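> My questions concern the predicted model and sequence given below.
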Amino acid sequence: MPRPFLVRYTGLAGSALLGGAAFLGGAHRPWEPTVTPLTIVTGRDGVLLPLFWILGMTLLIGAWLTGRRSVPSARWAYVTAGLWALPLLPFLPLGSYDAYSYACQGWQQASGLDPYSGGVDVLGCPWADAVAPTWRGAPAPYGPVFLVLAALAAKVGGTLTGTVALLRLIAVAGLAATGACLPLLARRTGVPVRRAVWLVLACPLVLIHLVSGTHNDAVMVALLAGGLAVAATGRGWPAGVLFGLAVGVKATAIVVLPFAIFLVPRAWWRAALELAVGAIGALALVSIGSGLGLGWVTALADSGVSVQWTSPPTALGMTLELIGAPHAVAVTRALGVIVLAGVLLVLFRRAWRGGDALLHAALAMAATVVLAPVFHPWYAIWPLTLLAATLRPDTRWLTVPCTVAAALCLPDGYNLALATKAQGAVGMTVFAGYLAWKVLHEANRDPGGVGAGRGGADLHRVGP
């Protein structure tokens, strides 16, 4: 039996089992104490839910990893990813309760309230009991672009079910747009289109957290990929508009914008001006038109309440606190931001000197995710999308962290990092130290750096 056939239908079986897990134990209203390793061991969740979840994850991840080397065509990859998404569409969100936070923020915006002035405990929401307690007091940390979309979903959907269904439709539309952009980006960097499409659209992380979980990252990634694709065709200000809209979903999108300067075939200052005018104009138009202004910038401060070892700077701080250093997490998080600023400057300088702009944009997004104070599993999708379309060498090192991230959350959102705080912090600290040593070691061996040369001739030096 041909391997592509086995890959397609093994993954479909895994997705169907995850659909069953969503039906039995996905995020639902009202919120209640979530599925945890302890509730599974004590039998509170029955037998079918953990069985469907574990077996479904195993089959889906296994099929995705195996399929990396057996994708016959881009069309086959598109069709297979679509088939894998189908069983997840009708059921409850998997992996988190964030869809209900989106719904309430959309309801607040549609009702003429300011989602940046307080959480559901202050502004209210008819579906407040579905929001996870951690986020009931937090104002919306998202930009005005997404809040406008969420308000549209709440207004048209009417009920919680209708609103979540429309939010899921928006996320799926974002994925479709990303899929349309991948071939252009991949061809520009010499990456096989079928591999890029497969790595992104068929990734279990994408299926669980964007298709099922309806995270707004799908919209941000689509706008980023679109901005890079349009910039690569030489249109500066339309690309800037897309980047501005991406920043209007999540502020982290801004790290990619400077690298687009080198994609537009004009004098750098003119390209920068066109991109800046497009981005600022689009963001200002939505901010003013929605009546929201820039209140979301201050709301970003509340997004760092999560303290988990999945963020390397946070893991280092947790490890230091384990051995008696007080307030180490705050210090290492600040140091992580400082290091990130330095890394971004180095990547920009290399792009300025002729390095491949798309690759360096992807590496900038990867550095942002790795060095940020907070890491949620779906954040890995940001660099995955860009790196899948820009990296020529073998991608094992890219698939492994995405596989781990996909398996981190239990059906209704419990993060397994919470159950392994000490062990995970020490393990991540050791691993991050190894990676830092390896990067420095490779940099000393290869003074030209990754991707030296505009055409990306040195990309083959980046190993798995």
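Happy to help now that I have it. Residues are numbered from 1 along each chain as shown.
> In the stretch 301-450 of the chain, where is pLDDT below threshold?
Of all residues in the stretch 301-450 of the chain, those with pLDDT under 70 make up the ranges 301-305, 438-450.
> Recalculate using a threshold of 80.
Using pLDDT under 80 as the threshold, the predicted model of the stretch 301-450 of the chain has low-confidence ranges 301-306, 393-395, 435-450.
> Please enumerate the strands of it.
Under the criterion DSSP state E, counting those that start in this stretch, the stretch 301-450 of the chain contains no strands.
> Residue 432: neighbouring residues, count only.
Counted with other C-beta atoms under 10 Å, the burial measure for residue 432 works out to 18 neighbours. For the C-beta atoms, the positions are set from N, CA and C on the backbone; glycine is no exception.
> ugh, wrong one, I meant residue 3
Under the neighbour criterion other C-beta under 10 Å, residue 3 is assigned a count of 13.
> cool, and the one 10 residues further on?
Here the number of neighbours of residue 13 (other C-beta under 10 Å) works out to 17.
> Hmm, it is touching residue 57, no?
No: in this structure, residue 13 is not within contact of residue 57 by C-beta atoms under 8 Å, at 11.9 Å.
> just how off-centre is stretch 25-32 within its chain?
Relative to its parent chain, stretch 25-32 has a centroid offset of 23 Å by C-alpha atoms, centre = their mean, to the nearest Å.
> Stretch 95-107 now?
Here stretch 95-107 is found 16 Å from its chain centre; the criterion is C-alpha atoms, centre = their mean.
> Ok, stretch 219-232 next?
14 Å.
> next one: stretch 3-10
27 Å.
> Could you do stretch 148-163 as well?
The gap between where stretch 148-163 is centred and where its chain is centred comes out at 23 Å by C-alpha atoms, centre = their mean.
> Tell me the buried residues in that stretch?
Residues of stretch 148-163 classed as buried under the neighbour-count rule (16 or more other C-beta atoms under 10 Å) are 148-154, 157, 160, 163.
> before we move on, what about stretch 25-37?
25-27, 29, 31, 34-36.
> Could you do stretch 124-134 as well?
125, 127-128, 130-132.
> Kindly report the same for stretch 262-281.
Neighbour-count burial for stretch 262-281, counted by 16+ other C-beta under 10 Å, picks out 262-264, 271-276, 278-279.
> List just the nearest of those to residue 115.
Distances from residue 115 to these, taken as C-beta to C-beta, are shortest for residue 279 (22.7 Å).
> residues near the nearest residue to residue 223 once chain neighbours are set aside, how many?
In this structure, residue 223 finds its nearest non-sequential neighbour in residue 246, 3.6 Å apart by C-beta to C-beta, 6 or more residues apart in numbering. Residues near residue 246, counting by other C-beta under 10 Å, number 29.
> 387 is where my numbering starts, stick with that
Renumbered: residue one is now 387, and that last one reads residue 632.
> now, which of the buried residues of stretch 534-549 lie within helices?
534-540, 543, 546, 549 (DSSP state H).
> Now do the domain split for this structure, please.
389-692+762-800, 694-761+801-850 (automatic domain parsing).
> Of those, flag the one that's most buried.
Across the domains of the chain, averaging neighbours per residue (mean count of other C-beta atoms under 10 Å) puts domain 389-692+762-800 on top, at a mean of 21.
> how far out from the middle of the chain is it?
When C-alpha coordinates are averaged (C-alpha atoms, centre = their mean), domain 389-692+762-800 and its chain have centres 6 Å apart.
> again with stretch 758-772
Using C-alpha atoms, centre = their mean, we find the averaged C-alpha position of stretch 758-772 to lie 4 Å away from the chain's own average C-alpha position.
> now the end-to-end length of that stretch.
Length of stretch 758-772, first residue to last, C-alpha to C-alpha, to the nearest Å: 18 Å.
> Secondary structure element holding the nearest residue to residue 662 once chain neighbours are set aside?
Excluding the flanking residues, the one nearest residue 662 by C-beta to C-beta, 6+ apart is residue 626, at 6.5 Å. Element membership for residue 626 (DSSP states H and E) is helix 622-633.
> returning to that earlier point: can I get the buried residues of stretch 510-520 in JSON lines including distance to residue 480 and secondary structure?
What follows is the buried residues of stretch 510-520, written out as JSON lines (distance: C-beta to C-beta, whole Å; DSSP: H, G, I helix; E, B strand; the rest coil):
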{"residue": "511", "distance to residue 480": "22", "secondary structure": "coil"}
{"residue": "513", "distance to residue 480": "19", "secondary structure": "coil"}
{"residue": "514", "distance to residue 480": "22", "secondary structure": "helix"}
{"residue": "516", "distance to residue 480": "15", "secondary structure": "helix"}
{"residue": "517", "distance to residue 480": "17", "secondary structure": "coil"}
{"residue": "518", "distance to residue 480": "14", "secondary structure": "coil"}
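> Of those, just say which sits nearest to residue 478.
Distances from residue 478 to the buried residues of stretch 510-520, taken by C-beta to C-beta, are shortest for residue 516, at 10.6 Å.
> Is that closest one in contact with residue 483, as I believe?
Yes: checked against C-beta under 8 Å, the pair residue 516 and residue 483 is within contact range at 6.8 Å.
> tell me, what's touching the two both at once?
Listed contacts common to residue 516 and residue 483 are 413, 417; contacts here mean C-beta atoms under 8 Å, 6 or more residues apart in numbering.
> circling back: is it possible to get JSON lines of the buried residues of stretch 648-667 that adds distance to residue 610, secondary structure and pLDDT?
JSON lines is the format used below for the buried residues of stretch 648-667 (distance: C-beta to C-beta, whole Å; DSSP: H, G, I helix; E, B strand; the rest coil; pLDDT from 0 to 100):
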{"residue": "648", "distance to residue 610": "16", "secondary structure": "helix", "pLDDT": "96"}
{"residue": "649", "distance to residue 610": "13", "secondary structure": "coil", "pLDDT": "96"}
{"residue": "650", "distance to residue 610": "16", "secondary structure": "coil", "pLDDT": "94"}
{"residue": "657", "distance to residue 610": "17", "secondary structure": "helix", "pLDDT": "96"}
{"residue": "658", "distance to residue 610": "18", "secondary structure": "helix", "pLDDT": "97"}
{"residue": "659", "distance to residue 610": "20", "secondary structure": "helix", "pLDDT": "97"}
{"residue": "660", "distance to residue 610": "17", "secondary structure": "helix", "pLDDT": "97"}
{"residue": "661", "distance to residue 610": "13", "secondary structure": "helix", "pLDDT": "97"}
{"residue": "662", "distance to residue 610": "16", "secondary structure": "helix", "pLDDT": "97"}
{"residue": "664", "distance to residue 610": "14", "secondary structure": "helix", "pLDDT": "98"}
{"residue": "665", "distance to residue 610": "12", "secondary structure": "helix", "pLDDT": "97"}
